[in-house]
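J.: this one's sequence-less:
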């Protein structure tokens with residue numbers, strides 16, 4: 001096929017357990033605000049789905065500033081889940097989100113299991129939500145990683161949330177563990193419809209002249225192109241071990257090649273995150289370029305087709 005040939009239509013639809021999406025391109029929580037802010041840059045109704053900023057049980061002021069710092073091929077952030085709480089989210093943001101012609105996936109974070117369950121119980125009433133993403137992986141808040149690094153805790157929180165909420169459940173996992181497969185397996189056994197791989201890596205930036213960390217929180221979460229090879233390895237590892245578990249790939253996706261690499265490695269969908277900060281229209285551009293890369297094939301025929309160079 002030459003560049004002048006017409007692009008054959010491709011089936012871009014994907015399914016993540018009970019969650020059906022029109023295409024595999026979503027935007028990551030924390031990088032797209034509450035969606036309204038991004039409408040001048042992206043045709044939201046073209047996206048496979050949107051994941052608004054993380055919501056917590058009670059309002060959070062977040063961490064002190066500075067909260068972000070640019071690094072080589074990425075950025076560190078220690079926002080600390082600054083938000084006005086779930087009641088404010090329901091009253092002020094959900095009315096707008098209900099009007100969107102795309103899948104809206106609420107992202108929630110609790111300080112303990114009971115808070116996760118309480119929020120899922122409240123959001124169970126919101127029929128406009130397509131799914132709930134459990135943020136059991138934020139490295140910048142107290143208790144944030146405690147649940148996400150323990151397979152038994154992950155199993156309990158996912159299972160309990162699934163019991164009280166009819167919406168599809170997505171577990172967003174931390175890479176800051178010894179065995180990501182064990183964590184993903186626990187989420188799958190508990191009934192998660194999918195897992196998001198991965199959240200940020202713990203990292204630090206230092207002003208050596210002042211002998212101080214640059215972030216007020218000392219450490220933060222590293223995202224962007226720098227983590228893509230690490231994220232790809234984890235997606236592939238989980239897909240090989242748990243081929244029936246749908247995966248949403250996250251980590252340094254800025255180009256169509258990045259997107260295709262995640263699909264081939266085993267992700268059924270992706271979330272565009274840090275790229276939105278320097279290219280607000282990145283997610284829409286990827287949707288435009290996807291049919292050319294697929295050459296008429298459905299997305300599902302590409303997922304998990306990576307062939308190892310190692311002999312069996």
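T.: Great, that's in hand. Keep in mind it's a predicted model, so treat the numbers as computed, not measured. Numbers count the residues shown, from 1 in each chain.
J.: do you know how far the residue lying closest to residue 273 once chain neighbours are set aside is from residue 206?
T.: Nearest non-adjacent residue to residue 273, counting by C-beta to C-beta, 6 or more residues apart in numbering: residue 28, 3.5 Å away. Quick note: C-beta positions are derived from backbone N, CA and C, even for glycine. Look at residue 28 and residue 206: by C-beta to C-beta, to the nearest Å, they are 27 Å apart.
J.: These two: which has the busier surroundings?
T.: Neighbours per residue (other C-beta atoms under 10 Å) separate residue 28 from residue 206, with residue 28 holding more: 26 against 12.
J.: can you tell me which residues contact that one?
T.: The neighbours of residue 28, taking C-beta atoms under 8 Å, 6 or more residues apart in numbering as the test, are 51, 250, 271-273, 276.
J.: where's it relative to residue 263, distance?
T.: Distance, residue 28 to residue 263, by C-beta to C-beta: 17 Å.
J.: how far out from the middle of the chain is the strand or helix carrying residue 222?
T.: In this structure, residue 222 sits in strand 220-223 according to DSSP states H and E. Mean-position distance between strand 220-223 and its chain equals 14 Å (C-alpha atoms, centre = their mean, to the nearest Å).
J.: what pLDDT, on average, does that strand get?
T.: Mean per-residue pLDDT for strand 220-223: 96.
J.: Would you mind finding the longest strand in the chain?
T.: Taking DSSP state E as the criterion, the chain has its longest strand at strand 103-109.
J.: Report the buried residues of that strand.
T.: For strand 103-109, burial by neighbour count (16 or more other C-beta atoms under 10 Å) applies to 103-109.
J.: Equivalent analysis for stretch 234-243, please.
T.: 234-239, 241-242.
J.: centre of the chain versus it, how much separation?
T.: Relative to its chain's centre, stretch 234-243 lies at 17 Å (C-alpha atoms, centre = their mean).
J.: ok, and what's touching it?
T.: 175, 180-181, 184-185, 188, 195, 197-198, 245, 247, 249, 262, 265-267, 304, 306.
J.: Quickly find the element holding the residue of the chain positioned farthest from its centre.
T.: The centre of the chain is farthest from one residue, residue 209, which by C-alpha atoms, centre = their mean lies 35.8 Å away. Using DSSP H and E, residue 209 maps to neither a helix nor a strand.
J.: show me the contacts for it.
T.: With C-beta under 8 Å, 6+ apart, residue 209 has no contacts at all.
J.: Paired strands for the helix or strand harbouring residue 196, with orientation please.
T.: Residue 196 is located in strand 194-197, with elements delineated by DSSP H and E. Strand 194-197 pairs in its sheet with strand 169-172 (parallel), strand 247-250 (parallel), by DSSP bridges.
J.: could I get the ones you listed as a markdown table with mean pLDDT, mean neighbour count and distance to residue 24?
T.: Shown next, in a markdown table, are these (pLDDT from 0 to 100; neighbours: other C-beta atoms under 10 Å; distance: least, C-beta to C-beta, whole Å):
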| stretch | mean pLDDT | mean neighbour count | distance to residue 24 |
| --- | --- | --- | --- |
| strand 169-172 | 98 | 28 | 14 |
| strand 247-250 | 98 | 30 | 9 |
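J.: Residue 148: which of the contacts of residue 28 is nearest?
T.: residue 250 (14.2 Å; C-beta to C-beta).
J.: Was I right to think the closest one contacts residue 274?
T.: No - using C-beta atoms under 8 Å, residue 250 is not in contact with residue 274, being 9.7 Å away.
J.: Any chance you could list residues touching both of these two?
T.: With C-beta under 8 Å, 6+ apart as the test, residue 250 and residue 274 reach no residue in common.
J.: of the buried residues of strand 103-109, closest to residue 216?
T.: For the buried residues of strand 103-109, the nearest to residue 216 is residue 109 (20.0 Å; C-beta to C-beta).
J.: Quick check on the nearest residue to the closest one once chain neighbours are set aside: phi, psi?
T.: Once flanking residues are discounted, residue 109 sits nearest to residue 135: 4.0 Å by C-beta to C-beta, 6+ apart. Per-residue torsions, residue 135: phi -90, psi 80 (degrees, to the nearest 10).
J.: Now stretch 305-312: buried residues?
T.: residue 306.
J.: next one: stretch 35-50
T.: 35, 38, 42, 44, 47-50.
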